[in-house]
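Q: fold the following, please.
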Amino acid sequence: MINLVLFGKPGAGKGTQATILKEKYELVHISTGDVFRFNIKNETKLGTLAKSYIDNGELVPDEVTINMLSEEVKSNPGAKGFIFDGFPRTIAQAEALDKLLDSNAMSLDGTVALEADDEVLIQRLLERGKVSGRSDDQDESKIRNRFEEYNAKTSPLINYYKEQEKFYSVNGIGDIEEITERLSAVIDNLK
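A: Residues are numbered from 1 along each chain as shown. Have a look, this model is predicted:
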């Protein structure tokens, strides 16, 4: 079993790479955004609770998010491992993820950050915005704000995972296949 966290700034290629890696290593991809959308759309108890916070313009508490992720982990008992995408974003969430995995007799094997220059990512997101229609990918000031939020909240995770010797940085610039090869080299060393 192998459990990974894949993180990086918006546009770094997390979703694309997670999709490839889940197939290659037969892992379950848990995207926090997808989990939220599923629970809200299907009006689960946790989805209704999360929506109440979102509708009030508030952040969904970590406890609610962890409970959703816990349900995802439990609903995949035969999994060969998990890729967490979009979670954790803070030290408190990282600690909660450690507890969640521990309570299921698992542990996190590594965190991999896809690194890329801001200006390259901005161009990627603006291009994605033309295709996806996502408003947050069509406004450069909104994109820069998302980067600032990432730096402020997620960057402390680097030290948290470095202290555990579970942090790996991968160059996120290049062809999709090249980036997959770089990620695979890290993952293969974790097995």
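
Q: which stretches of the chain form helices?
A: Using DSSP state H, the helices of the chain run over 14-25, 32-41, 45-55, 62-74, 91-103, 118-132, 140-153, 155-163, 176-190.

Q: quick one: closest of those helices to Gly110.
A: helix 176-190 (4.9 Å; C-beta to C-beta). C-beta here means a position set from N, CA and C on the backbone, and glycine is covered the same way.

Q: which elements pack onto the closest one?
A: strand 2-7, helix 14-25, strand 110-115, strand 167-171 (3 or more C-beta pairs under 8 Å, 6 or more residues apart in numbering; DSSP states H and E).

Q: most packed of these?
A: Of all these, strand 2-7 has the most neighbours on average by mean count of other C-beta atoms under 10 Å, namely a mean of 23.

Q: could you give the angle of that strand to helix 62-74?
A: Angle between the axes of strand 2-7 and helix 62-74 is 140 degrees (criterion: axes from the mean of the first three to the mean of the last three C-alpha atoms, to 10 degrees).

Q: now do strand 2-7: which elements does it pack against?
A: helix 14-25, strand 81-85, strand 110-115, helix 176-190.

Q: closest to Gly57 out of the ones you listed?
A: strand 81-85 (24.5 Å).

Q: and that closest one, which strands flank it?
A: Applying DSSP bridges, strand 81-85 is found paired with strand 2-7 (parallel), strand 28-31 (parallel).

Q: may I have the last one exported as CSV, CA atoms only?
A: Included here for strand 28-31 are C-alpha records, laid out as CSV according to Å, rounded to 0.1, in the frame of the first residue of the first chain:
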residue,chain,number,x,y,z
VAL,A,28,-7.7,5.7,-5.3
HIS,A,29,-7.7,9.4,-6.2
ILE,A,30,-9.4,11.5,-3.5
SER,A,31,-9.9,15.0,-4.7
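
Q: list the buried residues of that strand.
A: Val28, His29, Ile30, Ser31 (16 or more other C-beta atoms under 10 Å).

Q: export those to a markdown table and tack on distance to Ser184?
A: A markdown table is the format used below for the buried residues of strand 28-31 (distance: C-beta to C-beta, whole Å):
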| residue | distance to Ser184 |
| --- | --- |
| Val28 | 18 |
| His29 | 15 |
| Ile30 | 20 |
| Ser31 | 20 |
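
Q: by pLDDT, give me the weakest of the residues you listed.
A: When those are compared on pLDDT, Ser31 comes out least confident, at 89.
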